[in-house]
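Visitor: Below: sequence and its predicted model.
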Amino acid sequence: MSLKHVMELYELMDSIYVNGEVVKDYLHNIDPSADVTVKTIKGDNGSTDFVRVLVKGKNGKSSGGNAPTLGIIGRLGGIGARPEMTGFVSDGDGALACMASAAKTIDMALKGDQLEGDVIFTTHICPTAPTLPHEPVPFMNSPVDISVMNENEVDEMMDAILSIDTTKGNQICNHKGFAITPTVKEGYILKVSDDLLHVYTQSAGISPVVMPITTQDITPYGNGLFHVNSILQPAVATTSPVVGVAITTESVVAGCATGATHVTDVENVVRFVLEVAKVYGAKKCSFYDEKQFALIEILYGSMNHLQTKGNEVPAHEQ
């Protein structure tokens, strides 16, 4: 049961003093040999600690095997918005779910349940992130640019990516729990993975919920287009398929809201991503249909220009 790790990490992260090293120490208390690295990066609005955890699989590529590698990214602006807001913010759920997933995976391996493929967990820890105006509710901002986040969270070894992000500040997915997005790959929004839908129903015990996304959502931040949030920003920095795992609510909740983390919903996400990791590493789960993707590119060409900021907009049209 992963609820223990979610609760322990929540208590750990709900502090102005938390940083990447604190999270690293927590994971090392589970297994002193765990492969955890922390990198501090300063930006215009402060600094944050990027945390990377590699949990090796029995047949993982890091050990010379050929099992595919799953990336699990905790996507967020920050886990706190101090001094403006007091306490752990809703936006921090992505980091909480990601690190709790890493903790559970490490613990599983110690107990003999090592996964087939490698799993790489990445997120960042910032208890003092700024906020940003956004409709219908304010966004959490980040002390570093989104390109820096992608550079440190999207690993070239990831063959497929689950991007976990609090997605409560919207009016299009009114479900308390979590939802998954269609698969995004190289500028294309593809059909929802049947395999992931099956894992959803098995782990959540309810019919799957799908988060609607638009072309704007899969383009890079900073281009002037509306984005529901940053859940699919990893897709602009990789050729691997990316699926968003959105932690959702029935009501509209601001990312900078405190007291809005529902640990049981986070635990549901942890179980889902770990079940995906089990079958993906065993080559029993596909994020997309390779033949269909090849066909759509033959029919309509490459769409990877959507992974760029596009054409420059003349000043008089801005």
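Guide: In hand now; what should we look at? Numbering: from 1, shown residues only.

Visitor: For I146, which residues are in contact?
Guide: When the contact criterion is CB atoms under 8 Å, 6 or more residues apart in numbering, the partners of I146 are 220-222, 230, 233. The way it works is simple: take the backbone N, C-alpha and C, and place the C-beta from them, glycine included.

Visitor: List buried residues within those residues.
Guide: Neighbour-count burial (16 or more other CB atoms under 10 Å) applied to the contacts of I146 gives 220-221, 230, 233.

Visitor: In these, find the pair that's most separated.
Guide: Farthest pair in the buried ones among the contacts of I146 (CB to CB) is P220 and S230. Separation: 10.2 Å.

Visitor: thinking again about what came up before, which two among the contacts of I146 are spaced furthest apart?
Guide: Farthest apart among these by CB to CB are G222 and S230. That separation is 11.3 Å.

Visitor: before we move on, back to that, dump the buried ones among the contacts of I146 into a markdown table; add secondary structure as well.
Guide: Compiled in a markdown table, the buried ones among the contacts of I146 are given as follows (DSSP: H, G, I helix; E, B strand; the rest coil):
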| residue | secondary structure |
| --- | --- |
| P220 | coil |
| Y221 | coil |
| S230 | coil |
| Q233 | helix |
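
Visitor: In this structure, where is pLDDT below threshold?
Guide: Applying pLDDT under 70 to the chain flags the ranges 138, 313-318.

Visitor: mind redoing it with 80?
Guide: Within the chain, the stretches with pLDDT under 80 are 1, 132-139, 312-318.

Visitor: quick one on the thing from earlier: nearest to D118, of the buried ones among the contacts of I146?
Guide: The closest of these to D118 turns out to be Q233 (CB to CB; 22.8 Å).

Visitor: Can you add distance to H305 and give the buried ones among the contacts of I146 back as a markdown table?
Guide: Output for the buried ones among the contacts of I146, formatted as a markdown table (distance: CB to CB, whole Å):
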| residue | distance to H305 |
| --- | --- |
| P220 | 11 |
| Y221 | 16 |
| S230 | 20 |
| Q233 | 16 |
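
Visitor: Name the SS class of the residue nearest to T166 when sequence neighbours are not counted, please.
Guide: Spatially, and ignoring its direct neighbours in sequence, T166 is nearest to D93 (4.4 Å; CB to CB, 6 or more residues apart in numbering). Classification of D93 by three-state DSSP places it in helix.

Visitor: Helices of the protein, start to end?
Guide: 3-13, 20-30, 93-110, 146-153, 194-204, 263-281, 290-300 (DSSP state H).
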